[in-house]
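**Q** Give me a 3D structure for the following:
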Amino acid sequence: MPVLEERKFEMGYWEAIRCERCGFTTPRQKMYEEGERIPGHTRSRGPLPGKKKAQLALGLTKVPVGAASVHTLFCSVELSLPTKSSLHNLSTGMAGTLISVAEQALADNRSTLRTAMQLRSDQVEDGKPVAVAAAAGGVFNNPCYKGYHQKSTQVALSVRESETPKKMIIGIGFANKFAAVGAASAYPKSAPIGNAEEW
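**A** Below is the predicted model:
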């Protein structure tokens, strides 16, 4: 198949076949599966994004690297990749969906816990909090490059129940000293964010 009839698109290709005898060329066919558009984060016109690109953008939400690092990695092994901006936009667009899935999973875990406690004849009233045995662990979201100190601008705290054999995560809390432009931060920059009494 002549390379002239091949066209690269994101992480896939469009291919066409041309007859050497008569010169007839078939219309180009997509050699990849298409994904869905994410309003506000993908093009509103033109071809749909490839499914492999969407899977890569989803993977970026699970590892501590960005689109620029993935671009460098792919270029080092001579693999072509979509532009950094389109990959970043797609990852940003998927973040809202991932957050709602995580919130629903936490709500399901809390509902399962309440049901388990009701079966044990514990006092569980609808709409009221329940006292449970739980463990919580916080982690700072800042890398420590020099020395043994840890910057304390962002922290995430996960809460795991200890009432059932599954030990499900029932809540996640976040604190950040940096607020959006024009908004007040929940924590002053001089106050320690790692104070256990605040949680």
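**Q** If you tally nearby residues, what's the number for residue 135?
**A** Residues contacting residue 135 under the criterion other CB atoms under 10 Å number 10. Where you see a C-beta, it was placed from the backbone N, CA and C, and this is true even at glycine.
**Q** pLDDT averaged over the helix or strand encompassing it, what's the number?
**A** Taking DSSP states H and E as the criterion, residue 135 maps to strand 134-140. For strand 134-140, mean pLDDT is 83.
**Q** and that strand, what does it pack onto?
**A** strand 154-161 (3 or more CB pairs under 8 Å, 6 or more residues apart in numbering; DSSP states H and E).
**Q** Name the next helix or strand downstream of the strand it packs on, please.
**A** strand 169-176.
**Q** Flag every buried residue along that following strand.
**A** 169, 170, 175 (16 or more other CB atoms under 10 Å).
**Q** Quick check: bridge partners of the last one?
**A** Taking DSSP bridges, one finds residue 155 as the beta-bridge partners of residue 175.
**Q** any idea how far residue 108 lies from residue 73?
**A** Using CB to CB, to the nearest Å, one gets 36 Å for the distance from residue 108 to residue 73.
**Q** what residue ranges in the protein are flagged as low confidence?
**A** Residue ranges of the chain with pLDDT under 70: 1-4, 39-44, 141-152, 177-199.
**Q** Quick check, central residue of it?
**A** For the chain, the residue nearest the mean C-alpha position is residue 61 (3.0 Å; CA atoms, centre = their mean).
**Q** what's that one sitting at in phi/psi?
**A** phi -80, psi -10 (degrees, to the nearest 10).
**Q** burial of residue 121, as a residue count?
**A** 7.
**Q** That should have said residue 160, apologies.
**A** If you count neighbours by other CB under 10 Å, residue 160 ends up with 15.
**Q** again, but for residue 154
**A** Residue 154, neighbours per other CB under 10 Å, totals 15.
**Q** Residue 28 too?
**A** 15.
**Q** Let's verify residue 56: helix, strand, or coil?
**A** Secondary structure for residue 56, judged by DSSP: H, G, I helix; E, B strand; the rest coil, is helix.
**Q** Tell me, how many residues neighbour it?
**A** 20.
**Q** Touching, it and residue 70? I think so.
**A** Yes: here residue 56 reaches residue 70: they are 7.1 Å apart, a contact under CB atoms under 8 Å.
**Q** list the residues that contact both of those two?
**A** residue 87 (CB atoms under 8 Å, 6 or more residues apart in numbering).
**Q** Which residue ranges of the chain form helices?
**A** For the chain, the helices defined by DSSP state H occupy 51-60, 67-76, 84-119.
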